[in-house]
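**Student:** predicted model and sequence below, questions to follow.
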Amino acid sequence: MGGGGTDGLTGTDLHGTLRRFWGYDAFRPLQERIVRSLLAGRDVAVVMPTGGGKSLCYQLPAVVLGGTAVVVSPLIALMQDQAAQLAAMGIPAAVLSSAQSWSEQTESMRAARAGACRLLYLSPERLARPDTAPWLRNVPLVYFAIDEAHCISEWGHEFRPEYRLLGALRDHFPHLPIAAFTASATRRVRQDILAQLRLQDPHKYIASFHRPNLRYLVRECDSDDQERLLIAALRAHHGGHAIVYAPTIARVGETVALLARAGIEAVPYHGQMEPGVRQRNQERWMADEVRVLVGTIAFGLGINKPSVRAVIHLSLPKSLEQYYQEAGRAGRDGLPSDCALLWRRRDAGLLAHFINGLENPAARSGAWERYRAIREFAEGDGCRHRRVCLHFGEEPRWETCGSCDACGAVPEWLAARETTVVPEPAPEREADPGLLEHLRSWRREVARASGVPAYVVFHDTTLRDLCLRRPADREALLEVTGIGERKAALYGEAILEALKAFAEPAGGTGGAP
């Protein structure tokens, strides 16, 4: 859903900007229409699943307009990562947060007032401070983008009271467009977002919630079955990365120890770890040094790793929205990936116990509503993709998807009690695994030397395209997906040398193509 032209901006060379900075030849579904709505000065409401490319929708218009877009985001780490990625593409961005020193905050504010930032990232708490709106009036603002907008709704699964204060933006900046973005919002939550932010005749865009490359797999297990299936799943995906979600801090530690005994290296992640250790574990996983991360729900918001081949839950999440968001961290590169929910009935009972303990009647009622939806998803015998779509208000045109266990898509690792096994889909063209690992090793070294996460250098999709194209010069390098002018200037010579070293007999483990 959406509408409208762009009031004189239809001639803007958006594809040239997309190629120059992002290194992409085409927009994903809805992206260009959303960008043009913002360029036309319209309020916008966007529901786009994880991996659909939401961030580009609010970043690219700021580049075209030449002003400053304020992006409201709930996590400091997420803001810092996005700013680092933009800098690597040659787009000036700044973060203003309590995690910075006073001098860093002063510099971010100076740069913003001077119009030197295309994107300025703030937390909702910072934006709500009485002193923020006055100095923002001295910044050449073009619009506000609210990320994770479902946090504004009490009907949502991640309500954050500080988001409610964002409704005051309309009072402070009545003529500036406001764009709301979320990956997981039911119809009720979408209506609440529009009301709370007081969006004015917004263009509304709702992408499909159907992610056909994800294979939804659900099993109720006892403890022994759960451990056996977890190990089998991770061994089946030995060439890719995986996230394992455990319900408690204790279970995180127990699971890491279980996997170690099975010869599978994994790192833990939870909110009570010493921050430096937690950050190091995340960085090791992001940099491909270890392929399995076991975490609580504290892990994942804003994580941008396209090559996750499996997300495995060891208990029922609190809601179907939460499950959809967490499972959706798999397969963001569009390749086939497994989303396995291996739940135990006693864990579900514990979840029900916590809901009964909620004192607020409205909160308790909402929690029970979400609990019933996730139980129906786990215990129902109908198509799981269809059930997800219906939950978010989308009416699928199909009855069976061919990509969930209920529709017969059962992988070998889960098929101990099954009569049919669906063969694993094969990619159309496979990257040379030796060259891919050679390039990943090169990327790790570059990222470590630059002090940035590996994906800020290049995504796995870019490495795979490099393997398939094997460019020999800068002109060919600019044809690779994900390599724009800035990244070609930063890394072009080094990546061409890395490719050459692999092709020569003395370098790498590969050979000439």
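**Tutor:** All right, it came through fine.

**Student:** helices and strands around the helix-or-strand element of the chain with minimal mean pLDDT, which ones?
**Tutor:** None of the helices or strands of the chain scores lower by mean pLDDT, DSSP states H and E than helix 454-457, at a mean of 83. Helix 454-457 is packed against helix 76-88, helix 433-450, with contacts defined by 3 or more Cβ pairs under 8 Å, 6 or more residues apart in numbering; DSSP states H and E. Placement of C-beta: from N, CA and C, glycine included.

**Student:** in the longest one, what's buried?
**Tutor:** In this case it means helix 433-450. For helix 433-450, burial by neighbour count (16 or more other Cβ atoms under 10 Å) applies to 435-440, 442-443, 446-447.

**Student:** ok, residues contacting it?
**Tutor:** 239, 287-289, 453-454, 456-458, 460, 463-464, 466-467, 491, 494-495, 498-499, 501-502, 508-510 (Cβ atoms under 8 Å, 6 or more residues apart in numbering).

**Student:** identify the residues contacting the helix or strand P134 falls within?
**Tutor:** Using DSSP states H and E, P134 falls within helix 132-136. Residues from elsewhere that reach helix 132-136, judged by Cβ under 8 Å, 6+ apart: 70, 109, 112-113, 122, 126, 168, 172-173.

**Student:** centre of the chain versus it, how much separation?
**Tutor:** How far helix 132-136 lies from its chain's middle: 30 Å, per Cα atoms, centre = their mean, to the nearest Å.

**Student:** same check on stretch 490-508?
**Tutor:** A distance of 31 Å separates the centroid of the chain from that of stretch 490-508, by Cα atoms, centre = their mean.

**Student:** equivalent analysis for stretch 107-122, please.
**Tutor:** That offset, for stretch 107-122, works out to 25 Å (Cα atoms, centre = their mean).

**Student:** can you show me the CA trace of it as PDB?
**Tutor:** What follows is stretch 107-122, C-alpha atoms only, in PDB (Å, rounded to 0.1, in the frame of the first residue of the first chain):
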ATOM      1  CA  GLU A 107      31.900  17.100  18.100                       C
ATOM      2  CA  SER A 108      28.700  15.300  16.900                       C
ATOM      3  CA  MET A 109      26.600  18.300  17.800                       C
ATOM      4  CA  ARG A 110      29.000  20.700  16.000                       C
ATOM      5  CA  ALA A 111      29.000  18.600  12.900                       C
ATOM      6  CA  ALA A 112      25.200  18.400  12.900                       C
ATOM      7  CA  ARG A 113      24.800  22.100  13.300                       C
ATOM      8  CA  ALA A 114      27.300  22.700  10.400                       C
ATOM      9  CA  GLY A 115      25.200  20.400   8.100                       C
ATOM     10  CA  ALA A 116      28.100  18.000   7.800                       C
ATOM     11  CA  CYS A 117      26.000  14.900   8.600                       C
ATOM     12  CA  ARG A 118      23.500  13.200   6.200                       C
ATOM     13  CA  LEU A 119      22.300  10.900   9.100                       C
ATOM     14  CA  LEU A 120      22.300  11.800  12.800                       C
ATOM     15  CA  TYR A 121      21.500   8.900  15.100                       C
ATOM     16  CA  LEU A 122      19.800   9.500  18.500                       C
END
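
**Student:** give me the domain ranges for the chain.
**Tutor:** According to automatic domain parsing, the chain comprises the domains 14-206, 214-417, 433-503.

**Student:** distance between the ends of the longest one?
**Tutor:** Taking Cα to Cα, to the nearest Å, the span from the opening residue of domain 214-417 to its closing residue is 22 Å.

**Student:** what does the last one give?
**Tutor:** Taking Cα to Cα, the first and last residues of domain 433-503 lie 13 Å apart.

**Student:** returning to what we had before: could I get the contacts of helix 132-136 as JSON lines with pLDDT?
**Tutor:** Formatted as JSON lines, these follow (pLDDT from 0 to 100):
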{"residue": "V70", "pLDDT": "97"}
{"residue": "M109", "pLDDT": "92"}
{"residue": "A112", "pLDDT": "93"}
{"residue": "R113", "pLDDT": "93"}
{"residue": "L122", "pLDDT": "94"}
{"residue": "R126", "pLDDT": "89"}
{"residue": "A168", "pLDDT": "92"}
{"residue": "H172", "pLDDT": "94"}
{"residue": "F173", "pLDDT": "96"}
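
**Student:** sort out which of these are buried, if you could.
**Tutor:** Neighbour-count burial (16+ other Cβ under 10 Å) applied to these gives 70, 109, 112, 122, 126, 173.

**Student:** and the helix or strand where R364 lies, how far out from the chain middle?
**Tutor:** Assigned by DSSP H and E, R364 falls within helix 361-379. Centroid separation for helix 361-379 versus its chain: 25 Å, with Cα atoms, centre = their mean.

**Student:** next helix or strand past that helix?
**Tutor:** Remark: after helix 361-379, the chain's next helix or strand is helix 384-391, criterion DSSP H and E.

**Student:** what comes into contact with that next one?
**Tutor:** Helix 384-391 is contacted from outside by 186, 208-212, 216, 218, 320-321, 324, 373, 376-377, 380, 395-396, 398-401, 403-407, using Cβ under 8 Å, 6+ apart.

**Student:** show me the residues you listed that map onto helices.
**Tutor:** Counting by DSSP state H, the contacts of helix 384-391 place 320-321, 324, 373, 376-377 in helices.

**Student:** make JSON lines out of these and add distance to G366 and neighbour count.
**Tutor:** Below are the ones in helices among the contacts of helix 384-391 laid out as JSON lines (distance: Cβ to Cβ, whole Å; neighbours: other Cβ atoms under 10 Å):
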{"residue": "L320", "distance to G366": "13", "neighbour count": "25"}
{"residue": "E321", "distance to G366": "11", "neighbour count": "25"}
{"residue": "Y324", "distance to G366": "17", "neighbour count": "25"}
{"residue": "A373", "distance to G366": "11", "neighbour count": "17"}
{"residue": "E376", "distance to G366": "16", "neighbour count": "13"}
{"residue": "F377", "distance to G366": "17", "neighbour count": "22"}
